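# Pasting the sequence and the predicted coordinates here, then a few questions.
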Amino acid sequence: MEEILESIQSSLSPGLSGEFTVPGDKSISHRALILGSMTIGETIIHGLLESEDVLSTASAIDALGAQVLHKKSGVWSIKGVGVGGFKEPENVIDCGNSGTSVRLLMGAVSTCPIKVIFTGDNSLRKRPMDRVVLPLKEFGATFSTNFGNKLPINVAGNQESIPIRYELLVPSAQVKSAILLAGLNVRGRTTVVEREASRDHTEKMLKAFGVKVIIENKDQFSEISVDGFSKLRPIEINVPGDISSASFPIAAACMVPGSEIFMKDVGINPLRDGFLVTLVEMGANIKIMNRRQNAGELVADIRVIYSPNLTGVEVPKQRSAKMIDEYPILSMVAAIANGPTIMKGIRELRYKESDRINAVAKGLIDSGVDVIEGEDMLVVNGKSRKNIEGGSQIHASNDHRIAMSFACLGLISKKGIKVNGATSINTSFPNFVDLMNLIGAIVIVPKRTT
């Protein structure tokens, strides 16, 4: 039985070392399942991330008519129903804590002649769905809810959908993907206009499944288009390691004296490498080796060595789309750097599993770090590794990235750090505690008291 992490305690640790792989990429895992369900035939997925979020997607496509088989650890078989072939589910589809699941699946079903009710856990039901609902309505789908475009939402797909051309007001890979998935079942060409690039896993994977994706780069924007009624061919997919999950041991190795780790087969998509770029700017000792292509995705091996002379930097606003999930763990590295690290253009963090700007700021202040919080920015005034007091209790607010980030900070804190509400780690990195301990970190799950 999977262990429930109600809290974890991390303490001052010796150097980290070891060679390992991190769990499969969460974004790619979601997309592999959904696109596999839209083929005619069997898609085999190796290295699928078996986290709560991804399993929510697997359960959802099963309810929509695809045949989903867990063959062995990390290996899954999906027998699809074809584009437009989803059936009306017998029950409500519960996406748990996964915003990616609900937003992409709403796109996939919005041009099918079925009705689907989507819901989620308490955290997901608080997150706005306006950005994805508004463009999907333009296809002719209807959405009904009593909660102001928050879950639960009843989606009624439109059998006579029309193609759309939609300009994203805010860069969002989830919204872009939802529109492209909806466009697969529409006669004509559907186009998404981006003024700032967001992660492109959907475009790359659509191409791998045999869909023609038209990308036109203009002076001030890009247009990404798909033609409707494309046939997706079943394929075999190897999911690379998740750079967002890798960011935690990478950061820990940079911070903990005497560390040297080596990670194999990590996805380093150029639209998601902002964290690595920023760490190198700060003076981190990181080497990226053996770059190669895997189903259109750039993959590499990464060596990280303790970096004693980290310096605060100003992270360019335009880089936020390339590292939006990594700002919490970057803030931990910033806390032990010399001088301020300035992060701007990060308002999107307020609408994640928690208000991550506020959660990071509060937790760092409680741990003895000076922080300036703004509506769209965060400044962490680094005080070097030797001066992190710790001794704090962090409330993760049902947010896996907050929990893992502060667990890493505890590794270089004088009094350690306790993270409450760490169950959320299972949504993206179920073996986080085991892996960190394997490479020498001191992270324990306190025994329950009765």
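In hand now; what should we look at?

# Only C-alpha atoms from now on, for both contacts and neighbour counts.
Will do.

# Now do the contacts for I61.
L33, I34, S37, V68 (Cα atoms under 8 Å, 6 or more residues apart in numbering).

# That one is in what secondary structure piece?
helix 52-63 (DSSP states H and E).

# Tell me which residues of that helix come out buried.
Across helix 52-63, burial judged by 16 or more other Cα atoms under 10 Å covers E52, D53, V54, L55, S56, T57, A58, A60, I61, D62, A63.

# From the contacts of I61, which land in strands?
V68 (DSSP state E).

# Tabulate the contacts of I61 in JSON lines, adding columns for neighbour count, distance to S397 and pLDDT.
JSON lines is the format used below for the contacts of I61 (neighbours: other Cα atoms under 10 Å; distance: Cα to Cα, whole Å; pLDDT from 0 to 100):
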{"residue": "L33", "neighbour count": "28", "distance to S397": "28", "pLDDT": "98"}
{"residue": "I34", "neighbour count": "23", "distance to S397": "29", "pLDDT": "98"}
{"residue": "S37", "neighbour count": "31", "distance to S397": "33", "pLDDT": "98"}
{"residue": "V68", "neighbour count": "22", "distance to S397": "32", "pLDDT": "98"}
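
# Among the contacts of I61, which are located in helices?
Among those, DSSP state H puts L33, I34 in helices.

# Reformat the contacts of I61 as TSV; add distance to S11.
Formatted as TSV, the contacts of I61 follow (distance: Cα to Cα, whole Å):
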residue	distance to S11
L33	38
I34	40
S37	44
V68	41
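
# Next, give me the two most distant ones among the contacts of I61.
By the measure Cα to Cα, I34 and V68 form the most distant pair in the contacts of I61, at 10.9 Å.

# Just the CA trace of the helix holding I61, in PDB.
What follows is helix 52-63, C-alpha atoms only, in PDB (Å, rounded to 0.1, in the frame of the first residue of the first chain):
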ATOM      1  CA  GLU A  52      -2.000  10.500  -8.700                       C
ATOM      2  CA  ASP A  53      -2.400  13.200 -11.400                       C
ATOM      3  CA  VAL A  54      -1.500  11.000 -14.300                       C
ATOM      4  CA  LEU A  55      -3.600   8.100 -12.900                       C
ATOM      5  CA  SER A  56      -6.500  10.600 -12.900                       C
ATOM      6  CA  THR A  57      -6.100  11.000 -16.700                       C
ATOM      7  CA  ALA A  58      -5.800   7.200 -17.200                       C
ATOM      8  CA  SER A  59      -9.000   6.700 -15.200                       C
ATOM      9  CA  ALA A  60     -10.800   9.400 -17.200                       C
ATOM     10  CA  ILE A  61      -9.900   8.000 -20.700                       C
ATOM     11  CA  ASP A  62     -11.000   4.600 -19.500                       C
ATOM     12  CA  ALA A  63     -14.400   6.100 -18.500                       C
END
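
# mind checking how far M38 is from K79?
9 Å (Cα to Cα, to the nearest Å).

# what's the answer for A359, then?
As for A359, its distance to K79 is 41 Å (criterion: Cα to Cα).

# between those two, which one's more packed in?
Counted by other Cα atoms under 10 Å, A359 and K79 do not tie: K79 has more neighbours, with 22 against 19.

# Phi first, then psi, for the residue nearest to that one when sequence neighbours are not counted.
Distances taken as Cα to Cα, 6 or more residues apart in numbering place E42 nearest to K79, at 4.4 Å, with adjacent residues excluded. Torsion angles at E42 (phi, psi; degrees, to the nearest 10) stand at phi -110, psi 130.

# Next, count neighbours for E42.
There are 19 residues near E42, going by other Cα under 10 Å.

# measure it to F229 for me?
For E42, the distance to F229 (Cα to Cα) stands at 19 Å.

# now do V445
50 Å.

# again with D53
29 Å.

# Likewise for G41?
16 Å.

# In contact with N154, which residues?
Contacts of N154 by Cα under 8 Å, 6+ apart are K115, V116, I117, F118, F143, S144, T145.

# which one of the residues you listed sits closest to A334?
Using Cα to Cα, the contacts of N154 come closest to A334 at F118, 38.6 Å.

# Toward the C-terminus, what is the element adjacent to the helix or strand harbouring S245?
Following DSSP H and E, one finds S245 within helix 243-255. Downstream of helix 243-255, the first helix or strand assigned by DSSP H and E is strand 260-267.

# D25 and I243, how far apart?
7 Å.

# Equivalent analysis for L409, please.
19 Å.

# same thing with G80?
28 Å.

# residues in contact with V433?
V443, I444.

# Angles on the backbone of it, please.
The phi/psi pair for V433 (degrees, to the nearest 10) reads phi -60, psi -50.

# ok now do the nearest residue to Q318 once chain neighbours are set aside, which residues does it touch?
Excluding its sequence neighbours, the residue lying closest to Q318 (Cα to Cα, 6+ apart) is G345, at 7.5 Å. The neighbours of G345, taking Cα under 8 Å, 6+ apart as the test, are K317, Q318, S320, D376, M377.

# How about the last one: what's its closest non-neighbour residue?
When you say that, I think you mean M377. K344 (4.3 Å).

# burial measure for that neighbour, as a count.
Neighbours of K344 under the rule other Cα under 10 Å: 19.

# now L330: how far from A403?
For L330, the distance to A403 equals 13 Å [Cα to Cα].

# what's the answer for I34, then?
Computed as Cα to Cα, the I34 to A403 distance reads 28 Å.

# what does K26 give?
Shown here: K26 relative to A403, a distance of 17 Å by Cα to Cα.

# what's the answer for A321, then?
Distance of A321 to A403, given as Cα to Cα: 22 Å.

# Of the two, give the one with the bigger neighbour count.
A403 (26 against 23).

# what sits against the more buried one?
Per Cα under 8 Å, 6+ apart, neighbours of A403: I394, H395, A396, V419, N420, G421, A422, S424, I425.

# May I ask you to confirm that it belongs to a helix?
Yes - under DSSP: H, G, I helix; E, B strand; the rest coil, A403 falls within a helix.

# Over to T191: give its phi and psi.
phi -130, psi 140.

# got it, and S397?
Main-chain dihedrals, S397, degrees, to the nearest 10: phi 50, psi 40.

# SS state for the closest residue to it other than its chain neighbours?
Ranked by Cα to Cα, 6+ apart and with sequence neighbours excluded, the top spatial neighbour of S397 is S354, at 6.2 Å. Secondary structure state of S354, per three-state DSSP, is coil.

# in terms of contact, does S354 touch R401 like I think?
No - counting by Cα atoms under 8 Å, S354 stays clear of R401, with 9.6 Å between them.

# the more surrounded of the two?
Taking other Cα under 10 Å, S354 and R401 do not tie; R401 has more neighbours (28 against 21).

# what's around the closest residue to that one other than its chain neighbours, how many residues?
Taking Cα to Cα, 6+ apart as the measure, R401 lies nearest to P328, with 6.8 Å between them; neighbours along the chain are not counted. For P328, the neighbour count with other Cα under 10 Å is 23.

# With D366 instead?
Using other Cα under 10 Å, D366 is surrounded by 16 other residues.
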